[in-house]
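Chemist: Got a predicted structure here, sequence first:
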Amino acid sequence: MRGTHSEQSSMFSYISAERQVPQDHPLRAIRVMADMALKDLDQRFAGMYATLGRPSIAPERLLRALLLQVLYTVRSERLLMEQLDYNFLFRWFVGVSIDDAVWDATVFTKNRDRLLRGEVAEAFFTAVLAQARQRGLLSDEHFTVDGTLIEAWAGHKSFKRKDGKQGAPPPPDDDPGNPTVNFHGEQRTNDSHQSTTDPEALLARKGKGKESKLSYAAHVLMENRHGLAVNCCVTQATGRAEPEAALAMIEEIPGWQRVTLGADKGYDQRALVQAMREHGVTPHFARKQTSIIDQRTTRHPGYAVSQRKRKRVEEIFGWVKTVGGLRNTRHRGLSCVDWVFTFALAAYNLVRMRNLASAPA
């Protein structure tokens, strides 16, 4: 029998977001782990806020909302607030009841900036990593390092000479709102030019024959057992960024045991190999023709395992750039980009840990 169609909505409705979310939804396990990490940050949050004044958005809700923005590739805070307004799943994850009004996008952004100024992302990343260590998911002997470029939020037109001199004049009928800039015959380098939009971004390219873009260099240290990120940093895209970041992250590995480090050919540099050996690290780098890594290292089966495992670090970069939305950053300044990259890696670890827990033995 055909049902009746009525435009009259119910006067009262009792809906629980908890009941609307399926028990086997992936976000349930992620929220449990996220809440445990946020509980460890309670004392840090207490020191960031004044004891008197008008209450702001709870930092726990802020970070849960930012997690959703990373996990669901929401490109702006305005769209995030729109989703939070009508999405039961988002309301349940953040901790906002059905009857509560969502925040204005500007208010949310202003409250988020307080977290950006603090080392909250690094603390959250460490708390998530501690849970992985408690579950026995981390290796303390075998690691992989790699780097990538994150395109900065600045265009080529903002890359101007530091001395203030102008290049070729634009045509007389040029659009004043979006002027044409003639780069022909002008040598543009980081020594002579600087972006007026993001001065810390540098001109870099991924390889020979590739176009140069204003970018930052992002680095990840991965453990080889389950492919979890154990350390990260964002630096300026200089020619020495990758070896310097690799050495800095290796020095932060706890303990005095000997470890192995896999990497691609870009890290096979004489100075870096010698520095790794001085730190008790066996460099399992892909070898160049002029490499000083000989058969004393490559003859062991562990070298072949490291070369196979090191490819998994590309999965981290692929997830962060596609799902995490960091192919092009929406923040300016080295510290802000580093904060967002660290937080995105914490979200990746949460997803990876959830998948490992639900995988068959």
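Modeler: Perfect, thanks for sending it. Numbering: from 1, shown residues only.
Chemist: At which residues are the strands of the stretch 1-150 of the chain located?
Modeler: Using DSSP state E, counting those that start in this stretch, the strands of the stretch 1-150 of the chain run over 142-151.
Chemist: where does it dip in pLDDT?
Modeler: 1-14 (pLDDT under 70).
Chemist: Tell me which stretches of it form helices.
Modeler: 17-20, 26-40, 42-48, 59-71, 77-86, 88-94, 105-117, 120-134 (DSSP state H, counting those that start in this stretch).
Chemist: mind putting the ones you listed in JSON lines, mean neighbour count included?
Modeler: Placement of C-beta: from N, CA and C, glycine included. Formatted as JSON lines, the helices of the stretch 1-150 of the chain follow (neighbours: other CB atoms under 10 Å):
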{"stretch": "helix 17-20", "mean neighbour count": "12"}
{"stretch": "helix 26-40", "mean neighbour count": "17"}
{"stretch": "helix 42-48", "mean neighbour count": "11"}
{"stretch": "helix 59-71", "mean neighbour count": "22"}
{"stretch": "helix 77-86", "mean neighbour count": "17"}
{"stretch": "helix 88-94", "mean neighbour count": "21"}
{"stretch": "helix 105-117", "mean neighbour count": "15"}
{"stretch": "helix 120-134", "mean neighbour count": "19"}
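Chemist: Looking at the ones you listed, which is nearest to Glu242?
Modeler: helix 120-134 (20.6 Å; CB to CB).
Chemist: Gly280 against Trp256, yeah?
Modeler: Yes: using CB atoms under 8 Å, Gly280 is in contact with Trp256, at 7.2 Å.
Chemist: Name the residue in those two with the higher neighbour count.
Modeler: Under the criterion of other CB atoms under 10 Å, the comparison of Gly280 against Trp256 puts Gly280 first, with 13 against 6.
Chemist: can you pull the pLDDT of that one?
Modeler: Note on Gly280: pLDDT of 91.
Chemist: any idea how far Glu18 is from it?
Modeler: 50 Å (CB to CB, to the nearest Å).
Chemist: One more: Pro199?
Modeler: 48 Å.
Chemist: Over to Asp99?
Modeler: On the measure of CB to CB, Asp99 and Glu18 end up 14 Å apart.
Chemist: same thing with Arg270?
Modeler: Taken as CB to CB, the span from Arg270 to Glu18 is 59 Å.
Chemist: Also Ala246?
Modeler: Counting by CB to CB, the gap from Ala246 to Glu18 is 45 Å.
Chemist: Show me what counts as buried in the host helix or strand of Arg308.
Modeler: Assigning secondary structure by DSSP states H and E places Arg308 in helix 301-309. Under the neighbour-count criterion of 16 or more other CB atoms under 10 Å, helix 301-309 has Gly302, Tyr303, Ser306, Gln307, Lys309 buried.
Chemist: on contacts alone, who are the packing partners of that helix?
Modeler: strand 142-151, strand 259-263, strand 281-285 (3 or more CB pairs under 8 Å, 6 or more residues apart in numbering; DSSP states H and E).
Chemist: Among the ones you listed, which comes closest to Gln236?
Modeler: The nearest among these, by CB to CB, is strand 142-151 at 11.1 Å.
Chemist: Out of the helices and strands packed on helix 301-309, flag the one nearest Leu350.
Modeler: So among the helices and strands packed on helix 301-309, strand 142-151 is nearest, using CB to CB, at 20.1 Å.
Chemist: is it true that Glu252 touches Val230?
Modeler: No: at 9.2 Å, Glu252 and Val230 do not qualify as touching, with contact defined as CB under 8 Å.
Chemist: of the two, who's got more company?
Modeler: Val230 (22 against 10).
Chemist: Does the more buried one belong to a helix, a strand or coil?
Modeler: Under DSSP: H, G, I helix; E, B strand; the rest coil, the three-state class of Val230 is strand.
Chemist: For it, give me its contacts.
Modeler: By CB atoms under 8 Å, 6 or more residues apart in numbering, the contact set of Val230 is Leu129, Leu138, Phe143, Leu221, Met222, Glu223.
Chemist: Would you format the buried residues of helix 301-309 as TSV with distance to Gly118 and pLDDT included?
Modeler: As requested, the buried residues of helix 301-309 are exported to TSV (distance: CB to CB, whole Å; pLDDT from 0 to 100):
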residue	distance to Gly118	pLDDT
Gly302	40	92
Tyr303	42	93
Ser306	36	94
Gln307	39	93
Lys309	34	93
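Chemist: I'd like those laid out as CSV, including distance to Arg28.
Modeler: Below are these laid out as CSV (distance: CB to CB, whole Å):
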residue, distance to Arg28
Gly302, 38
Tyr303, 41
Ser306, 36
Gln307, 37
Lys309, 30
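Chemist: circling back to that earlier point, can you say which of the helices and strands packed on helix 301-309 is nearest to Pro55?
Modeler: Closest among these, once you apply CB to CB, is strand 142-151, at 35.0 Å.
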